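Enquirer: I'll drop the sequence and a predicted model, then ask my questions.
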Amino acid sequence: MIIVIEGCDQAGKLTQCKLLHKKLQKQNQKVKIMSFPDYSTPIGKEIRNYLYHKQNLHPKVIHCLLSANRWEKLPQLMKYNIDNTFLILNRYYQSNLAYGLANNLDLHWLKNLDSGLPKPKLVILLDGDPVTLFSRKHTSKDRFETNIKFMIRVSDIYKKLAKKNGWVVVNASDTKDEIHNSIIEIFKLRGLL
């Protein structure tokens, strides 16, 4: 079953994925983590080049690449989604919607890019003030992490999408343990633990 942890850059997604992974393992659950973009693939390398200013691409091109990066991982997504494994995703197609809309792309067009990918059981949005979140990282910032106005826009869009699509919102400004405890409570309320 696919569990997605979404949010703006520096919201703590990877940290929470790892904490959730550890908790589920202690509960003797089968669990895997995947992150998107996956920079280890040929398409992922192109995405990294874009993010770190080694090439410029039209917004439609980068969003097509982000989607293609998920499609090239379809065999793993399908495998873990059907064998009673919790598959925790650090970003999924929901991020393409938020960032794409912030790039003034059409929602219908963005949704079509990922139409047919396995659907998540649960989407958790880590929501916090982008200015505060940005202060967590001081080096090696990508092109999105250096544009605070863009990230404020992404954050606003994430919240609207969460409300419209029934994603669960967790305060990313809390401590990592408080955020983790909130996620575990969500799992209990949903009957996942």
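Expert: Noted; the coordinates are in hand.

Enquirer: Please report how far residue 96 lies from residue 107.
Expert: 11 Å (C-beta to C-beta, to the nearest Å). No exception for glycine: its C-beta is placed from N, CA and C like everyone else's.

Enquirer: same thing with residue 159?
Expert: Distance from residue 159 to residue 107, by C-beta to C-beta: 15 Å.

Enquirer: now residue 46
Expert: Distance from residue 46 to residue 107, by C-beta to C-beta: 24 Å.

Enquirer: hmm, back to that, looking only at neighbour counts, state which of residue 96 and residue 107 leads.
Expert: residue 96 (23 against 12; other C-beta atoms under 10 Å).

Enquirer: Could you verify my assumption that the more buried one touches residue 115?
Expert: No. Using C-beta atoms under 8 Å as the test, residue 96 is too far from residue 115 to be in contact (11.7 Å).

Enquirer: Against residue 37, how distant is residue 105?
Expert: Counting by C-beta to C-beta, the separation of residue 105 from residue 37 is 17 Å.

Enquirer: So for the two, which sits in the more crowded spot?
Expert: More neighbours surround residue 37 than the other of residue 105 and residue 37, with 23 against 17 (other C-beta under 10 Å).

Enquirer: so the more buried one is in which element?
Expert: For residue 37, there is no helix or strand it lies in under DSSP states H and E.

Enquirer: Lowest average confidence across helices and strands of the chain, where is it?
Expert: helix 130-134 (a mean of 75; mean pLDDT, DSSP states H and E).
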